[in-house]
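In: turn this into a structure:
(one chain, ligands or ions: 1)
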Amino acid sequence: MADAEWKSLEECLEKHLPLPDLQEVKRVLYGKELRKLDLPREAFEAASREDFELQGYAFEAAEEQLRRPRIVHVGLVQNRTPLPADAPVAEQVSALHRRIKAIVEVAAMCGVNIICFQEAWTMPFAFCTREKLPWTEFAESAEDGPTTRFCQKLAKNHDMVVVSPILERDSEHGDVLWNTAVVISNSGAVLGKTRKNHIPRVGDFNESTYYMEGNLGHPVFQTQFGRISVNICYGRHHPLNWLMYSINGAEIIFNPSATIGALSESLWPIEARNAAIANHCFTCAINRVGTVNVFLCSFKAHQDFGYFYGSSYVAAPDGSRTPGLSRSQDGLLVAKLDLNLCQQVNDVWNFKMTGRYEMYARELAEAVKPNYRPTIVKE
Ligand SMILES: NC(=O)NCCC(=O)O
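Out: Numbers count the residues shown, from 1 in each chain. As a prediction, the model looks like this:
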């Protein structure tokens, strides 16, 4: 399984395919070609100084007579954890705050309106260890924890909606832990929070003893820049999870994740992109980078957890998508979206009209009953 030395699928294709083949391969793999965004030179200089990759692409929509374009710039951030996992908890969190602040400043130069960080961004990916301390110490209040207060400042200073996925401790309700994304308005106010609905129980991604299955349903947040929702990591394998955010009106669904090559790299380019197509919306898939360095782990086997392959990307309702960020480097992906594309594609393919949700609602209501007998026709 490739580690950091294999930079990206895109780089490999560009290196080895002759131009005419490359164009056809890209057409099939990525949909229509996207225009590269003309991002400010200072942004590239700052990104290079801070040692992270910066890419930008634009998704266009057709001009309409009655509606003006609804342009929004989204920013996706992928990063390593800067300090080793045995550094003091507060120092690790501060180092991550500093790293993210530097990336958000570049996002602001690029005119980003909504930014989303990776899953549980304030901590190393430690759920594989089965240990509680010190990892549960990374949990914070979604409403007024230090990370939320930090993000509120970023949001207000940069007039930017911030989606901040954290490990949440809900002290008002029995100190229960949740895997939560806090949505902070560009005014700096906490707009609300949403919780991860599906918890992985696959290999070392066994996170069920750390936090509970989300109990907040599928909220959609009306921001100044469009309606957004957050389908956290393992939720991307569940088409109904995407569907419910879309049914509630999401135009952009963020998918902050933490996943490794051996498990999911071949699914990664398909799932969020397919969700964008199936639900007539934009999806933003974000993965962290690097190896998990939780060497405090007492289980030897879990010390070599695998490689987080980055490759964050944005997909559009017409099936087009951006190239992925690198597999090995911290990065900021900026995408300019015209949200009018959602309705335009809906009017062409009209999956919302042909979806037959009433039929599935009826059939699913029966199928979940303990005495349900599947309809299998036999000779
Ligand atoms: N964090 C998390 O849910 N990871 C599960 C692995 C995957 O969904 O690919």
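
In: how many neighbours does A181 have?
Out: Burial of A181, expressed as a neighbour count using other C-beta atoms under 10 Å, amounts to 28. No exception for glycine: its C-beta is placed from N, CA and C like everyone else's.

In: please disregard the earlier target; I meant G319.
Out: Other residues within reach of G319, judged by other C-beta under 10 Å, total 15.

In: list the contacts of it.
Out: Taking C-beta atoms under 8 Å, 6 or more residues apart in numbering as the criterion, G319 is in contact with 31, 273, 276-277.

In: from those residues, pick the one nearest the ligand.
Out: Closest approach between the contacts of G319 and the ligand, by C-beta to the nearest ligand atom: R273, at 15.1 Å.

In: buried ones in stretch 64-75?
Out: By neighbour count with 16 or more other C-beta atoms under 10 Å, stretch 64-75 contains the buried residues 70-75.

In: run the chain-centre distance for that stretch.
Out: Taking the mean of its C-alpha atoms, stretch 64-75 sits 22 Å from the chain's own mean (C-alpha atoms, centre = their mean, to the nearest Å).

In: how about low-confidence regions in this structure?
Out: Confidence mapping of the chain against pLDDT under 70 gives the ranges 1, 293-304.

In: kindly report the domain assignment for it.
Out: When the chain is parsed with the TED database, its domains come out as 1-30, 35-368.

In: ranges for the strands of the stretch 1-150 of the chain?
Out: Counting by DSSP state E, counting those that start in this stretch, the stretch 1-150 of the chain has these strands, from start to end: 35-36, 53-58, 71-78, 114-116.

In: who in the stretch 51-200 of the chain is up against the ligand?
Out: Listed as neighbours of the ligand in the stretch 51-200 of the chain under the rule C-beta under 6 Å from any ligand atom: 119, 200.

In: and the residue of the stretch 51-200 of the chain closest to the ligand?
Out: For the stretch 51-200 of the chain, the residue positioned closest to the ligand under C-beta to the nearest ligand atom is P200, at a distance of 3.9 Å.

In: could you check how many residues crowd around the residue lying closest to that residue once chain neighbours are set aside?
Out: In this structure, P200 finds its nearest non-sequential neighbour in Y234, 4.3 Å apart by C-beta to C-beta, 6 or more residues apart in numbering. Burial measure for Y234: 24 neighbouring residues, criterion other C-beta under 10 Å.

In: what residues does the stretch 201-350 of the chain put near the ligand?
Out: Within the stretch 201-350 of the chain, the positions near the ligand by C-beta under 6 Å from any ligand atom are 205, 233-234, 258-259, 263-264.

In: dump these to CSV, plus secondary structure.
Out: Conversion of these to CSV gives the following (DSSP: H, G, I helix; E, B strand; the rest coil):
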residue, secondary structure
F205, strand
C233, helix
Y234, helix
A258, coil
T259, coil
L263, helix
S264, helix
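
In: now list the buried members of these.
Out: Buried residues within those, defined by neighbour count using 16+ other C-beta under 10 Å: 205, 233-234, 258-259, 263-264.

In: all helices of the stretch 101-250 of the chain, in order?
Out: Remark: helices of the stretch 101-250 of the chain, listed N- to C-terminal, are 146-158, 239-247; assignment by DSSP state H, counting those that start in this stretch.

In: for P82, grab the count of nearby residues.
Out: Neighbours of P82 under the rule other C-beta under 10 Å: 14.

In: rewinding a little: next, format the helices of the stretch 101-250 of the chain as TSV and append mean neighbour count and distance to C128.
Out: Listed next are those as TSV, based on neighbours: other C-beta atoms under 10 Å; distance: least, C-beta to C-beta, whole Å:
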stretch	mean neighbour count	distance to C128
helix 146-158	19	22
helix 239-247	20	23
